[in-house]
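Enquirer: Predicted model and sequence below, questions to follow.
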Amino acid sequence: MENNYKIEYYKKDKNEWLKHRGFGGSSVSALIGCSPYLTPIDIYCSHFNPSNDVKEKDTQSTIYGKNAEKLLANLFALNFPYYDVDYNEEIRMMRRIDEPMLTYTPDGLLTDKRDGRLGFLEIKTHIVKDQEDYDMWANNQLPQNYYSQLLQGFVVMNDKEFCELFVILNWIDYETNSFYKSELRHYHLERKNCEKDIEYLE
């Protein structure tokens, strides 16, 4: 199968990546109305009116996520030794050749050593803040905004047959500003089981 996307490298220059990212995983969840953080108008302003760009601020959650990502990638590799995990600390963005505005930035690329199938890795850290937030993750379900982000990976990368989401959920104690409980979760998606959703998202 010939790939319908190209790979762009931005080293660790996040601002340069933001200028070129097009509609990535975070964008699509907002565009279809399932992001708790961004609206379609935010995405419009971010991409087409740079003077009104939505600036990303460092919060406890984002700082934790940045520091935890490499550790979680290494832990994923230890927990699932049948995968060859290609984790790149530099920014590696995939762009559709035929639809250049469609992009995706995976946290890692995967090869299943058992059968040679290709996939991608997404790592998330999430602070559970309230009951509504808790309900989104109840019964081991995957929230829609994260599901749509994974679908975007399939939309952009036509050679990936599966994806793995490795996420740590943290419950915060606001009195001590620390976590009192953490939970690791793992979600596996197969492209063949998501074809209708992938088509809808594209």
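Expert: Great, that's in hand. Numbering: from 1, shown residues only.
Enquirer: from here on, contacts and neighbour counts on C-alpha atoms
Expert: Fine.
Enquirer: quick one: contacts of the biggest helix by length in the chain?
Expert: Ranked by number of residues, the top helix in the chain under DSSP state H is helix 60-79. The contact list for helix 60-79 (Cα atoms under 8 Å, 6 or more residues apart in numbering) reads 83, 84, 85, 87, 89, 108, 123, 124, 125, 126, 127, 166.
Enquirer: how does it look with 10 Å?
Expert: By Cα atoms under 10 Å, 6 or more residues apart in numbering, the surrounding residues in contact with helix 60-79 are 56-59, 83-89, 107-108, 110, 121-127, 164-168, 170, 177, 184, 186.
Enquirer: now the strands for the protein?
Expert: 5-9, 83-87, 92-96, 103-104, 108-112, 118-128, 162-173, 178-190 (DSSP state E).
Enquirer: For the last one, enumerate the helices and strands it packs against.
Expert: Other helices and strands packing on strand 178-190, by 3 or more Cα pairs under 10 Å, 6 or more residues apart in numbering; DSSP states H and E, are strand 118-128, helix 144-156, strand 162-173.
Enquirer: Okay, buried residues for the longest helix of the chain please.
Expert: 65, 69, 70, 72, 73, 76, 77 (16 or more other Cα atoms under 10 Å).
Enquirer: how close does the fourth one sit to residue 147?
Expert: Distance check for residue 72 against residue 147: by Cα to Cα, to the nearest Å, it reads 19 Å.
Enquirer: re earlier: could you dump the buried residues of helix 60-79 to TSV with pLDDT and distance to residue 29?
Expert: Converted to TSV, those look like this (pLDDT from 0 to 100; distance: Cα to Cα, whole Å):
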residue	pLDDT	distance to residue 29
65	87	19
69	93	21
70	93	24
72	96	23
73	96	23
76	97	25
77	97	27
